[in-house]
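J.: my questions are about this predicted structure, shown below with the sequence.
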Amino acid sequence: MSEIISKQQNELAKIIQRYVRNDGVHATDIPSLFFIRDSNASVPRHGVYKPSFCIVVQGAKEVWLGKERFIYNPSDYLIASVNLPVTAQVTEASPNVPYLGFKLEFTANQILDVLRDSEIRVGPKDNAKRGMFVSRLEPELLDAVIRLARLLDTPKDIPILSPLFTKEILYRVLQGQHGVRLEQIAIEGSSAHQIKDVIEHITNNYNKSLRVEELAEKVNMSVSSLHRHFKEVTAMSPIQFQKELRLQEARRLLLTESADATDVAFRVGYESPSQFSREYSRMYGFPPKQDMKRLKA
(Lines give C-alpha, C1' and ligand atoms only; values in the text may rest on other atoms or scores of the structure.)
Protein backbone atom coordinates (compact mmCIF):
# COMPACT_ATOMS: atom_id res chain seq x y z
CA MET A 1 0.00 0.00 0.00
CA SER A 2 1.41 3.39 -0.99
CA GLU A 3 2.18 6.01 1.66
CA ILE A 4 -0.48 8.35 0.24
CA ILE A 5 -3.19 5.67 0.38
CA SER A 6 -2.08 4.72 3.92
CA LYS A 7 -2.45 8.34 5.15
CA GLN A 8 -5.85 8.67 3.46
CA GLN A 9 -7.06 5.40 5.01
CA ASN A 10 -5.91 6.59 8.46
CA GLU A 11 -7.97 9.76 8.07
CA LEU A 12 -11.00 7.77 6.91
CA ALA A 13 -10.61 5.34 9.84
CA LYS A 14 -10.67 8.30 12.29
CA ILE A 15 -13.88 9.64 10.74
CA ILE A 16 -15.58 6.22 10.96
CA GLN A 17 -14.46 5.71 14.56
CA ARG A 18 -15.90 9.11 15.53
CA TYR A 19 -19.34 8.05 14.31
CA VAL A 20 -19.32 4.31 15.07
CA ARG A 21 -18.69 3.01 18.59
CA ASN A 22 -20.30 -0.42 18.39
CA ASP A 23 -19.97 -3.40 16.07
CA GLY A 24 -22.46 -3.76 13.23
CA VAL A 25 -23.64 -2.02 10.08
CA HIS A 26 -24.53 1.62 10.73
CA ALA A 27 -26.53 3.95 8.47
CA THR A 28 -25.22 7.51 8.34
CA ASP A 29 -26.88 10.88 7.72
CA ILE A 30 -25.66 10.65 4.11
CA PRO A 31 -28.19 8.73 2.00
CA SER A 32 -26.96 5.24 0.96
CA LEU A 33 -23.72 5.52 2.99
CA PHE A 34 -23.01 2.91 5.67
CA PHE A 35 -20.11 2.32 8.07
CA ILE A 36 -19.29 -1.20 9.27
CA ARG A 37 -17.35 -2.22 12.39
CA ASP A 38 -16.25 -5.64 13.70
CA SER A 39 -14.04 -6.17 16.75
CA ASN A 40 -13.19 -9.76 15.83
CA ALA A 41 -12.83 -11.93 12.77
CA SER A 42 -16.32 -13.19 11.95
CA VAL A 43 -17.98 -16.42 10.95
CA PRO A 44 -19.27 -16.50 7.34
CA ARG A 45 -22.37 -14.30 7.01
CA HIS A 46 -24.96 -14.69 4.28
CA GLY A 47 -26.67 -11.68 2.77
CA VAL A 48 -27.57 -9.81 -0.40
CA TYR A 49 -25.23 -7.09 -1.61
CA LYS A 50 -27.14 -4.31 -3.33
CA PRO A 51 -25.27 -2.37 -6.05
CA SER A 52 -22.52 -0.81 -3.95
CA PHE A 53 -18.97 0.51 -3.71
CA CYS A 54 -17.15 -1.02 -0.72
CA ILE A 55 -13.82 -0.25 0.94
CA VAL A 56 -12.00 -2.05 3.72
CA VAL A 57 -10.57 0.84 5.75
CA GLN A 58 -8.98 -1.37 8.42
CA GLY A 59 -8.57 -5.16 8.52
CA ALA A 60 -9.42 -7.56 5.69
CA LYS A 61 -12.47 -9.30 4.27
CA GLU A 62 -13.41 -11.97 1.79
CA VAL A 63 -16.65 -12.39 -0.12
CA TRP A 64 -17.90 -15.56 -1.82
CA LEU A 65 -20.16 -15.28 -4.86
CA GLY A 66 -21.17 -18.82 -5.73
CA LYS A 67 -17.85 -20.68 -5.63
CA GLU A 68 -15.78 -17.62 -6.51
CA ARG A 69 -13.82 -15.85 -3.76
CA PHE A 70 -13.02 -12.11 -3.71
CA ILE A 71 -10.37 -10.98 -1.20
CA TYR A 72 -9.88 -7.30 -0.47
CA ASN A 73 -7.99 -5.15 2.02
CA PRO A 74 -7.21 -1.41 2.48
CA SER A 75 -5.45 -1.28 -0.91
CA ASP A 76 -8.58 -2.30 -2.82
CA TYR A 77 -12.23 -1.56 -3.39
CA LEU A 78 -15.02 -3.98 -4.25
CA ILE A 79 -17.96 -3.28 -6.54
CA ALA A 80 -21.25 -5.17 -6.66
CA SER A 81 -23.00 -3.89 -9.79
CA VAL A 82 -26.30 -5.76 -9.24
CA ASN A 83 -28.15 -7.44 -6.34
CA LEU A 84 -26.08 -10.50 -5.45
CA PRO A 85 -26.57 -13.14 -2.73
CA VAL A 86 -23.14 -13.61 -1.15
CA THR A 87 -21.30 -15.06 1.83
CA ALA A 88 -18.96 -12.53 3.50
CA GLN A 89 -16.40 -12.98 6.25
CA VAL A 90 -14.17 -10.52 8.11
CA THR A 91 -10.77 -12.25 8.22
CA GLU A 92 -8.67 -9.65 10.08
CA ALA A 93 -9.96 -7.75 13.13
CA SER A 94 -9.22 -7.34 16.83
CA PRO A 95 -10.60 -5.24 19.72
CA ASN A 96 -7.55 -2.94 19.44
CA VAL A 97 -7.65 -2.71 15.63
CA PRO A 98 -11.25 -3.41 14.63
CA TYR A 99 -12.35 -4.08 11.08
CA LEU A 100 -13.75 -0.86 9.58
CA GLY A 101 -15.69 -0.75 6.34
CA PHE A 102 -17.22 1.91 4.09
CA LYS A 103 -20.18 1.02 1.85
CA LEU A 104 -21.88 3.36 -0.61
CA GLU A 105 -24.94 2.01 -2.40
CA PHE A 106 -25.87 3.33 -5.86
CA THR A 107 -28.35 2.78 -8.70
CA ALA A 108 -28.08 2.12 -12.42
CA ASN A 109 -29.65 5.56 -13.02
CA GLN A 110 -26.77 7.22 -11.14
CA ILE A 111 -24.32 5.40 -13.42
CA LEU A 112 -26.30 6.57 -16.44
CA ASP A 113 -26.19 10.17 -15.20
CA VAL A 114 -22.39 10.04 -14.96
CA LEU A 115 -22.11 8.57 -18.46
CA ARG A 116 -24.42 11.27 -19.86
CA ASP A 117 -22.53 14.13 -18.21
CA SER A 118 -18.97 12.94 -18.82
CA GLU A 119 -16.77 12.27 -21.82
CA ILE A 120 -16.40 8.58 -20.97
CA ARG A 121 -16.77 6.73 -24.26
CA VAL A 122 -19.35 3.99 -23.89
CA GLY A 123 -18.10 0.65 -25.18
CA PRO A 124 -20.08 -1.74 -27.40
CA LYS A 125 -22.98 -3.67 -25.86
CA ASP A 126 -20.72 -6.58 -25.10
CA ASN A 127 -21.36 -9.94 -23.47
CA ALA A 128 -22.27 -9.68 -19.79
CA LYS A 129 -19.40 -9.79 -17.30
CA ARG A 130 -19.25 -10.77 -13.61
CA GLY A 131 -21.38 -8.45 -11.45
CA MET A 132 -18.67 -8.23 -8.78
CA PHE A 133 -15.04 -7.21 -9.01
CA VAL A 134 -12.12 -6.01 -6.90
CA SER A 135 -9.83 -3.24 -8.12
CA ARG A 136 -6.90 -1.23 -6.76
CA LEU A 137 -7.64 2.02 -4.95
CA GLU A 138 -6.18 5.20 -6.43
CA PRO A 139 -5.53 8.36 -4.34
CA GLU A 140 -7.94 10.44 -6.47
CA LEU A 141 -10.78 8.01 -5.81
CA LEU A 142 -10.03 7.78 -2.09
CA ASP A 143 -9.88 11.59 -1.90
CA ALA A 144 -13.48 11.79 -3.14
CA VAL A 145 -14.47 9.12 -0.59
CA ILE A 146 -12.92 11.13 2.26
CA ARG A 147 -14.62 14.35 1.15
CA LEU A 148 -17.95 12.51 1.18
CA ALA A 149 -17.32 11.10 4.70
CA ARG A 150 -16.21 14.52 6.02
CA LEU A 151 -19.68 15.90 5.20
CA LEU A 152 -20.93 14.16 8.35
CA ASP A 153 -19.13 16.94 10.26
CA THR A 154 -21.14 19.61 8.40
CA PRO A 155 -24.69 18.20 8.02
CA LYS A 156 -26.03 21.33 6.33
CA ASP A 157 -23.73 20.59 3.34
CA ILE A 158 -24.97 17.02 2.86
CA PRO A 159 -28.02 17.71 0.59
CA ILE A 160 -25.97 19.75 -1.90
CA LEU A 161 -22.51 18.16 -1.81
CA SER A 162 -23.14 14.45 -1.16
CA PRO A 163 -24.70 13.86 -4.64
CA LEU A 164 -21.69 15.60 -6.23
CA PHE A 165 -19.08 13.56 -4.32
CA THR A 166 -21.03 10.33 -4.96
CA LYS A 167 -21.07 11.19 -8.66
CA GLU A 168 -17.31 11.77 -8.57
CA ILE A 169 -16.72 8.38 -6.90
CA LEU A 170 -18.75 6.60 -9.60
CA TYR A 171 -16.95 8.63 -12.29
CA ARG A 172 -13.55 7.47 -10.95
CA VAL A 173 -14.71 3.84 -10.85
CA LEU A 174 -16.05 4.06 -14.41
CA GLN A 175 -12.66 5.37 -15.52
CA GLY A 176 -10.89 2.48 -13.79
CA GLN A 177 -9.69 -0.89 -15.01
CA HIS A 178 -13.09 -2.59 -14.71
CA GLY A 179 -15.29 0.44 -15.39
CA VAL A 180 -16.86 -1.13 -18.46
CA ARG A 181 -18.50 -3.78 -16.25
CA LEU A 182 -20.32 -1.06 -14.33
CA GLU A 183 -21.13 0.88 -17.47
CA GLN A 184 -22.83 -2.08 -19.19
CA ILE A 185 -25.30 -2.52 -16.31
CA ALA A 186 -26.76 0.94 -17.05
CA ILE A 187 -26.90 0.76 -20.85
CA GLU A 188 -30.29 -0.30 -22.12
CA GLY A 189 -30.08 -3.14 -24.62
CA SER A 190 -26.82 -4.58 -23.28
CA SER A 191 -26.93 -8.19 -22.09
CA ALA A 192 -25.76 -7.02 -18.63
CA HIS A 193 -28.72 -4.60 -18.43
CA GLN A 194 -31.11 -7.39 -19.45
CA ILE A 195 -29.69 -9.67 -16.74
CA LYS A 196 -30.07 -6.83 -14.21
CA ASP A 197 -33.79 -6.77 -15.08
CA VAL A 198 -34.02 -10.57 -14.61
CA ILE A 199 -32.25 -10.31 -11.24
CA GLU A 200 -34.68 -7.62 -10.09
CA HIS A 201 -37.63 -9.76 -11.17
CA ILE A 202 -36.36 -12.84 -9.28
CA THR A 203 -35.51 -10.71 -6.21
CA ASN A 204 -39.04 -9.24 -6.12
CA ASN A 205 -40.70 -12.64 -6.73
CA TYR A 206 -38.31 -15.06 -5.00
CA ASN A 207 -41.18 -16.91 -3.27
CA LYS A 208 -43.06 -17.65 -6.52
CA SER A 209 -42.45 -20.47 -8.98
CA LEU A 210 -39.79 -19.61 -11.54
CA ARG A 211 -40.08 -20.41 -15.24
CA VAL A 212 -36.87 -19.59 -17.08
CA GLU A 213 -38.75 -19.56 -20.40
CA GLU A 214 -40.92 -16.68 -19.18
CA LEU A 215 -37.88 -14.78 -17.91
CA ALA A 216 -36.15 -15.20 -21.27
CA GLU A 217 -39.23 -13.94 -23.10
CA LYS A 218 -39.49 -10.96 -20.75
CA VAL A 219 -35.99 -9.72 -21.72
CA ASN A 220 -36.12 -10.93 -25.34
CA MET A 221 -33.39 -13.59 -24.97
CA SER A 222 -33.25 -17.26 -25.82
CA VAL A 223 -33.27 -19.62 -22.81
CA SER A 224 -29.68 -20.73 -23.49
CA SER A 225 -28.50 -17.12 -23.86
CA LEU A 226 -30.25 -16.13 -20.61
CA HIS A 227 -28.59 -19.03 -18.75
CA ARG A 228 -25.15 -18.18 -20.14
CA HIS A 229 -25.29 -14.44 -19.42
CA PHE A 230 -26.97 -14.90 -16.02
CA LYS A 231 -24.24 -17.29 -14.88
CA GLU A 232 -21.56 -14.91 -16.16
CA VAL A 233 -22.96 -12.03 -14.07
CA THR A 234 -23.94 -13.92 -10.90
CA ALA A 235 -21.73 -17.08 -10.94
CA MET A 236 -24.90 -19.17 -10.57
CA SER A 237 -28.02 -20.23 -12.48
CA PRO A 238 -31.38 -18.42 -12.08
CA ILE A 239 -32.70 -21.38 -10.02
CA GLN A 240 -29.63 -21.34 -7.73
CA PHE A 241 -29.96 -17.57 -7.36
CA GLN A 242 -33.61 -17.91 -6.31
CA LYS A 243 -32.71 -20.71 -3.88
CA GLU A 244 -30.07 -18.51 -2.17
CA LEU A 245 -32.61 -15.70 -1.77
CA ARG A 246 -35.23 -18.07 -0.36
CA LEU A 247 -32.88 -19.65 2.16
CA GLN A 248 -31.49 -16.29 3.31
CA GLU A 249 -35.01 -14.95 3.87
CA ALA A 250 -36.00 -18.17 5.64
CA ARG A 251 -33.10 -17.84 8.06
CA ARG A 252 -33.99 -14.19 8.72
CA LEU A 253 -37.62 -15.14 9.48
CA LEU A 254 -36.56 -18.00 11.76
CA LEU A 255 -34.28 -15.65 13.70
CA THR A 256 -36.52 -12.60 13.96
CA GLU A 257 -39.97 -14.17 14.31
CA SER A 258 -39.18 -17.47 16.06
CA ALA A 259 -41.42 -18.99 13.40
CA ASP A 260 -42.02 -22.69 12.75
CA ALA A 261 -39.69 -24.14 10.07
CA THR A 262 -42.56 -25.69 8.10
CA ASP A 263 -44.47 -22.41 8.03
CA VAL A 264 -41.33 -20.54 6.93
CA ALA A 265 -40.68 -23.09 4.19
CA PHE A 266 -44.09 -22.37 2.65
CA ARG A 267 -43.72 -18.61 3.11
CA VAL A 268 -40.48 -18.46 1.11
CA GLY A 269 -41.90 -20.59 -1.70
CA TYR A 270 -41.06 -24.22 -0.90
CA GLU A 271 -43.76 -26.82 -1.55
CA SER A 272 -41.92 -29.52 0.42
CA PRO A 273 -40.71 -28.89 4.01
CA SER A 274 -38.33 -31.85 3.74
CA GLN A 275 -36.71 -30.37 0.61
CA PHE A 276 -36.44 -27.04 2.44
CA SER A 277 -34.71 -28.73 5.40
CA ARG A 278 -32.25 -30.54 3.09
CA GLU A 279 -31.32 -27.40 1.17
CA TYR A 280 -31.12 -25.33 4.36
CA SER A 281 -28.73 -27.88 5.90
CA ARG A 282 -26.61 -27.90 2.75
CA MET A 283 -26.25 -24.10 2.81
CA TYR A 284 -25.86 -23.46 6.55
CA GLY A 285 -24.42 -26.75 7.77
CA PHE A 286 -27.30 -27.51 10.17
CA PRO A 287 -31.05 -28.19 9.85
CA PRO A 288 -33.26 -25.16 10.72
CA LYS A 289 -34.09 -26.03 14.35
CA GLN A 290 -30.49 -26.91 15.23
CA ASP A 291 -29.18 -23.82 13.42
CA MET A 292 -31.50 -21.56 15.44
CA LYS A 293 -30.40 -23.10 18.75
CA ARG A 294 -26.77 -22.63 17.77
CA LEU A 295 -27.20 -19.00 16.65
CA LYS A 296 -29.26 -17.97 19.66
CA ALA A 297 -26.77 -19.58 22.02
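T.: Done, it's in. Numbers count the residues shown, from 1 in each chain.

J.: so how far is residue 151 from residue 29?
T.: Distance, residue 29 to residue 151, using CB to CB, to the nearest Å: 8 Å. For the C-beta atoms, the positions are set from N, CA and C on the backbone; glycine is no exception.

J.: and stretch 94-103, what's buried?
T.: Of the residues in stretch 94-103, those buried under the neighbour-count criterion (16 or more other CB atoms under 10 Å) are 98, 99, 100, 101, 102, 103.

J.: what's the first-to-last distance across that stretch?
T.: The straight-line separation of the ends of stretch 94-103 (CA to CA, to the nearest Å) is 20 Å.

J.: contacting residues around it?
T.: Contacts made with stretch 94-103 from outside it, assessed by CB atoms under 8 Å, 6 or more residues apart in numbering, are listed as 12-13, 16-17, 20, 23, 25, 33-41, 52-61, 90, 92-93, 145, 149.

J.: what do you get if the cut-off is 6 Å, keeping everything else the same?
T.: Contacts with stretch 94-103, where a contact means CB atoms under 6 Å, 6 or more residues apart in numbering, come from 13, 16, 34, 36-39, 52, 54-59, 90, 93.

J.: now the residues you listed: which count as buried?
T.: Of the members of these, the ones counted as buried by neighbours, 16+ other CB under 10 Å, are 13, 16, 34, 36-38, 52, 54-59, 90, 93.

J.: tell me which residues touch the residue nearest the centre of the chain, please.
T.: The central residue of the chain, meaning the one whose C-alpha is nearest the mean C-alpha position (CA atoms, centre = their mean), is residue 49 at 2.3 Å. Applying CB under 6 Å, 6+ apart, one finds that residue 49 lies in contact with 80, 84, 86.

J.: that one pairs with what?
T.: In this structure, residue 49 bridges to residue 84 when assessed by DSSP bridges.

J.: any idea how far it is from residue 270?
T.: Between residue 49 and residue 270 the distance, using CB to CB, works out to 24 Å.

J.: same question for residue 42.
T.: Shown here: residue 42 relative to residue 270, a distance of 28 Å by CB to CB.

J.: which of those two has more residues huddled nearby?
T.: Between residue 42 and residue 270, counted using other CB atoms under 10 Å, the more crowded position is residue 270 (21 against 15).

J.: residues near residue 27, how many?
T.: Counted with other CB under 10 Å, the burial measure for residue 27 works out to 10 neighbours.

J.: backbone dihedrals for it, please?
T.: Per-residue torsions, residue 27: phi -70, psi 150 (degrees, to the nearest 10).

J.: against residue 36, how distant is it?
T.: Residue 27 sits 11 Å away from residue 36, going by CB to CB.

J.: can you list which of the contacts of stretch 94-103 are found in strands?
T.: Secondary structure defined by DSSP state E assigns 34, 36, 37, 38, 52, 54, 55, 56, 57, 58, 90 of those to strands.

J.: what is the most widely separated pair among these?
T.: Across those, the longest distance by CB to CB is 18.5 Å; it joins 52 and 58.
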